[in-house]
Every structure is written in structure tokens, then in C-alpha cells.
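Participant: structure for the following, please:
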Amino acid sequence: MNSTNDQTLAAPVDHRDAVVRELRDRAEIVDALYRFALGQDLKDRTLFASAFTPDAELDFRPAAAKWGGRPPLMSGRDTITTTILAMFTRRVDTTHQVTNPRVAIDGDTARLSALVEAQHLLITDRSTFALLKNPYDVDLVRDGERWLIRRMRIDNAWFTGDPTKIFGV
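Facilitator: Next up, the predicted model:
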């Protein structure tokens, strides 16, 4: 074979490798949001924390503003993990469903948007609940083969129930 034919044969393999890498990245990017959601639902600190960079930021203020809540901006994986799981472990059962993920990758950073429906029920009174439909805007960074959330902003499209009984004001 001459060098022209060798290059032609090599190109599809290189292209396939790039496609496989992008598909793997997209799956891992969405998996970071799944770890965040399922970690809460299972009250699994390790799984939940595995979604975030050490210096992560979680901004729930846009969502809470819809019902008059004023939570702080949460900064740092340990603060986020402790704050969220402490609230849910003692008082609230949750289920989260992640839908409509859209991913944009730029080297070792990525942007993810998704809709998350989150059901929250008081453990002591199942008739007290908040069902939220929240658009998420998430910035991620590559950490080896895994992707981690660096910044997450949660807004609210609609809710039913009483979020103040779940989250406070």
C-alpha cells in the first residue's frame, strides 16, 4: 500500500475513537447529575459528594425565590453535601427524575442543562409535600474519566404543595 491508502484507512479508526470518547463523555456528564439526584434519594453521602468538585458551588436561590425562600449560596463539596443531606436525612424523603439533558463539551469543561422533577415528602406527615419542576444549569470539569459539577444553578418552572414546609423560607 502507498501512504495515501494508509492515511485513508487510519482516518476512520481515529474518527471512531473520537466518537466513542465523546459518547463516553456525554454519558459521564449526565451521570454527574444522576449521582447528585440519586445520592439525595438514597441518602448516600459518598454517592452524592462524588458529583462535585471540592470547590463546587450550588445556587438554589433562583428556585427558592419562587416561593419566597432565601437560602444561602452553597460553596464547597463538604458544605453542599452536609447541608443538603442533613435536611433530607432527618425530615424528608425525595425522588428525583432527570429528563431532557443537553450537553455541550469544550475540551475539559462542559455545560449541561436538564429538567429535574423533584418530589419531597415529610417523613412524619406524607400529606405535606413539595413537587418541583426545576431547570438545571450545570458547569462541569473533567476529572480523569469522570466529570464533576463545578457550578449548579437550579431555577423553578412550577411547583405544587408547600415548599416552605420542606425547605423553610
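Participant: give the contact list for the nearest residue to Gly168 once chain neighbours are set aside.
Facilitator: Counting by CB to CB, 6 or more residues apart in numbering, Gly168 lies nearest to Gly69, which is 7.0 Å off, once chain neighbours are set aside. Yep, even glycine has a C-beta here, placed from its N, CA and C like the rest. Gly69 makes contacts with 61, 63, 163-164, 167-169, as judged by CB atoms under 8 Å, 6 or more residues apart in numbering.
Participant: identify each buried residue in stretch 123-141, please.
Facilitator: The neighbour-count check on stretch 123-141 (16 or more other CB atoms under 10 Å) flags 128-130, 132-136, 138-141 as buried.
Participant: give the buried subset of the contacts of Gly69 as a ChimeraX selection command.
Facilitator: Applying 16+ other CB under 10 Å to the contacts of Gly69, the buried members can be selected in ChimeraX as follows:
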select :61,63,163,167
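Participant: please identify which pair of the contacts of Gly69 lies farthest apart.
Facilitator: Pairwise distances across the contacts of Gly69 (CB to CB) peak at 14.8 Å, for the pair Arg61 and Thr164.
Participant: what's the local residue count around Glu22?
Facilitator: Around Glu22 there are 12 other residues, counting by other CB atoms under 10 Å.
Participant: just give me the longest helix of the protein.
Facilitator: helix 3-42 (DSSP state H).
Participant: which helices and strands does the lowest-mean-pLDDT helix or strand in the chain pack with?
Facilitator: Ranked by mean pLDDT, DSSP states H and E, the weakest helix or strand in the chain is helix 3-42, scoring a mean of 83. Packing partners of helix 3-42 (3 or more CB pairs under 8 Å, 6 or more residues apart in numbering; DSSP states H and E): helix 45-49, helix 77-91, strand 92-106, strand 109-122, strand 129-143, strand 146-154.
Participant: could you dump the ones you listed into TSV with mean pLDDT and distance to Ala18 added?
Facilitator: TSV is the format used below for the helices and strands packed on helix 3-42 (pLDDT from 0 to 100; distance: least, CB to CB, whole Å):
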stretch	mean pLDDT	distance to Ala18
helix 45-49	98	30
helix 77-91	90	31
strand 92-106	97	11
strand 109-122	97	16
strand 129-143	98	15
strand 146-154	98	17
